[in-house]
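A.B. asks: Starting from these lines, generate the structure:
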Amino acid sequence: LSGVYHPPSRHNCASPFAASAPPPGAIHLLPKRPVRAAVLRGSWRAFRSCIALMSGVAALHHGTLLPPSLVARVPHKERLVLSFVLEFLEANKIPAQLLVNGGYVRDLLLEKTPDDLDVSLCLRDCLPDVTVASVMHGLPAFAEARPELAVCDVQITTILSDASKDKNVDTAKIFVRVGEPHERVEVDVMPTIGEEYYDETDRVPLRDVRGTPEQDALRRDLTIGAMLLHVERGADRAASASATSAADSLQWTLLDFYGGLEDIRNGVLRSPYPTSKPLDQVWDEVMRTPDERLLALQLDIRPQVEAAVDSASALEHAALQKVWWVKVLRDDPLRVLRALRFAAKFNFQLHEAFWSAVPFALTSLQSKVAGARKYTELVKLSKAGRAPLLAFLQLAFGRALPAADMRLACLAPALFGGADAKGVAQFLSPSLVERPDSYDAALMRQAAASLPALLSEEEALGASLAAAVLACISTRGAAVDDSAVARKAEAAREEVARACAGLCASNEMRRAAETPLFCLHQLLTPPLAQGQHGIFAREAGATGEADAQIDADEFAMLVHMWEVLAMDKILIDRREPGHLPHFILALAHAHCSAASAATLERRLEQLLRPGPPISGNALGAIRSLPNHLRRSALSNLHVLCRLRNETAPLQDELQLGAYLDERCPGLVDSLTAEWYDGGMLRAPYAAKGAKGKKEGAASPKLVDDDMGQVKSGKCDEIGLTDKARNA
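C.D. replies: Residues are numbered from 1 along each chain as shown. Alright, predicted model coming up:
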């Protein structure tokens, strides 16, 4: 299994799968990782599924037909589309090969439902005027003329940028409606690409659009995505066959030039590389500058001349693998992120050559790849699930880069950031992780374990990033007090704010990343208790409940937590991104002392008790209440009722007035005496920032909604600064 894979000899376009011996060890290899995962999950259904996978995949190799069990996984509507395109090529005598490529083939072999149908046309034997565009433009009329093919409509859209057109990239996207009832299929169509040439400033290459299937596979970034399926008519197809029969009789031949099947079986990610070229030639093509050759020497990428043997040696193949992966990553640095994403998504191991090649792409990854494109890849990763997302973050923050590259200790600062909306580069700080080998991923996982399962991809991504960054700044077991953890939470918030800005992330991700860290900082920064808190605390203790016997400071902390966590919105299912109480407290458990974390947990349990619905309209029962204190009064009442285990609704003035008279006699008088001195509001309760008014003057009455939140631009959102709210 560990031997070097030697692909079959090169084939021409007319016969890309000519008879050849299968690669060493390709037959009867069991898909070890899927079976192990099934056994660990204890799932008999998953185990049986893996056994079925073995029977279909284990005997496959380059040039063999897909077994019926795998063909059956191709959706019928997509078989109809491919059969239709083949019929068009045959009717117009176009000698082009129809190939399915990329992730579609990979997912099919991994027994996943394939999507994103990507098709290539090999035009090598066609006349010069035959292009992808000319073929596509002939499809709509052909569909009209041949209704028996079950294709009722073909719409063609271009997906070419101006730069791509200038570089002669012949590509199209078509939307096909097939079957009855009609189903819509989206298909991306490209020619098989030969040689590619990149410049230093643009990720769109110059391309030869008359390449062979083998050349097209070589330009892919990973072997598991470099496999092709050659689709053609079956020998037993009858001339009068229906559209369904013709689609079902298609033959699917696997083209695996670079060992993708072997890598799937072994759970390894690596790039294809040209085994037919000598190392010296590839070296000269890839290592173009003295700096690159020096870095390659420092990373020991090329074996010493005296140690090298013949071109077929394992040592030379290992060097070819590293050198070619340098080209793959440098040509398109986003492939660094993609490789990590697939490693996390499929639970595959990255080949060690990847880490040797990464330093060559770091500068371009930061300067050449737009943050928005990184963000798209990160959201795709988050869609794969929580476990792949956390595995990715652990690789990004916890895997050390080769010591020869001293710019970054790990990949995270290069991955999380880019140019913001104003063109300013914003990234995580390079010094955020100085020693990746000491990165405590358990801290991140401990906090992330409390995230709700049903979060959007953006919110899960933002919250997980917050946990990962805080794990970089904080240290397990460090003797720090709450104020120190609060400062670290604020530093982490500033880090994720820069990263999200550089990624041009959605507001949902930004708030999901920043809000938990902001809330943790606020919860660990105790507010000053006011006289009104003491009054409510005494009222809470009047019932005799044991845990209601609290002082003014503790009551103030409960109100503070209520407002910081926006509990009023959470309890009515209007939670905003990032307001995740259990996750925020899990961050505290991971980074604070046990005593502090336990105190916060106890307070949250008290606030989560059943309580009454309280409407802002009911506050009219407190005649002396200033308008700008209405939100505060609602928070105090919510906390009071939960401490006293009271649940009777307080939704209008009559209900609140009766409650105050019967359950809290004297409370309003005590509050009025606390708020006012000689008819003027005391300094702690005076409206702040009021212009043209005397200090202590009451604000004009404002209109409240049914939750008691003041509809005025003069009132800040609880717990959010202007900067945070705008972000």
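A.B. asks: C-alpha only now, for contacts and for neighbours.
C.D. replies: OK.
A.B. asks: how near is the closest residue to Lys327 other than its chain neighbours to Pro359?
C.D. replies: Among residues not flanking Lys327 along the chain, Val286 sits closest, at 5.9 Å (CA to CA, 6 or more residues apart in numbering). Val286 is 14 Å from Pro359, where distance means CA to CA, to the nearest Å.
A.B. asks: Then Pro181?
C.D. replies: 52 Å.
A.B. asks: who has more neighbours, the two?
C.D. replies: The neighbour comparison of Pro181 against Pro359 (other CA atoms under 10 Å) goes to Pro359, with 27 against 6.
A.B. asks: Could you check the pLDDT of that one?
C.D. replies: If you check Pro359, the pLDDT there is 92.
A.B. asks: Assign it to helix, strand or coil.
C.D. replies: Judged by DSSP: H, G, I helix; E, B strand; the rest coil, the three-state class of Pro359 is helix.
A.B. asks: let's have the chain start at 12 instead
C.D. replies: All set: I'll call the first residue 12, so the last point we hit is now Pro370.
A.B. asks: quick one on the thing from earlier: now do the same contact list for the residue nearest to Lys338.
C.D. replies: Counting by CA atoms under 8 Å, 6 or more residues apart in numbering, Val297 touches 334-335, 337-338.
A.B. asks: gap between it and Glu657?
C.D. replies: Taken as CA to CA, the span from Val297 to Glu657 is 73 Å.
A.B. asks: now do Ala551
C.D. replies: Relative to Glu657, and taking CA to CA, Ala551 is found at 11 Å.
A.B. asks: ok, these two, which is more surrounded?
C.D. replies: When Ala551 and Glu657 are compared on other CA under 10 Å, the one with more neighbours turns out to be Ala551, at 25 against 14.
A.B. asks: I figured that one hits Arg655, correct?
C.D. replies: Yes: at 6.2 Å, Ala551 and Arg655 qualify as touching, with contact defined as CA atoms under 8 Å.
A.B. asks: hmm, back to that, out of the contacts of Val297, name the ones that lie in helices.
C.D. replies: 334-335, 337-338 (DSSP state H).
A.B. asks: For Ala563, which non-adjacent residue is closest in space?
C.D. replies: Leaving aside its chain neighbours, Ala563 sits nearest to Gly545 (4.1 Å; criterion: CA to CA, 6+ apart).
A.B. asks: Can you classify the one you found by secondary structure?
C.D. replies: helix.
A.B. asks: ok, it to Ser643 distance?
C.D. replies: Gly545 is 14 Å from Ser643, by CA to CA.
A.B. asks: just checking, the residue nearest to Ala563 touches Phe566?
C.D. replies: Yes: using CA under 8 Å, Gly545 makes contact with Phe566 at a distance of 7.5 Å.
A.B. asks: Please tell me how far stretch 345-361 is from the chain's geometric centre.
C.D. replies: Counting by CA atoms, centre = their mean, to the nearest Å, stretch 345-361 is centred 12 Å from the centre of its parent chain.
A.B. asks: how about the helices of the stretch 162-311 of the chain, start to end?
C.D. replies: Listed in chain order, the helices found in the stretch 162-311 of the chain under DSSP state H, counting those that start in this stretch are 173-177, 224-229, 254-259, 271-277, 290-297, 301-309.
A.B. asks: out of the ones you listed, which comes closest to Gly149?
C.D. replies: With CA to CA as the measure, helix 254-259 is the member of the helices of the stretch 162-311 of the chain nearest Gly149 (19.2 Å).
A.B. asks: Which neighbouring elements make contact with the closest one?
C.D. replies: helix 87-102 (3 or more CA pairs under 8 Å, 6 or more residues apart in numbering; DSSP states H and E).
A.B. asks: Show residues contacting the following helix or strand past the helix it packs on.
C.D. replies: Per DSSP states H and E, the first helix or strand lying C-terminal to helix 87-102 is strand 108-112. Residues outside strand 108-112 that contact it (CA under 8 Å, 6+ apart): 97, 128-134, 236-243.
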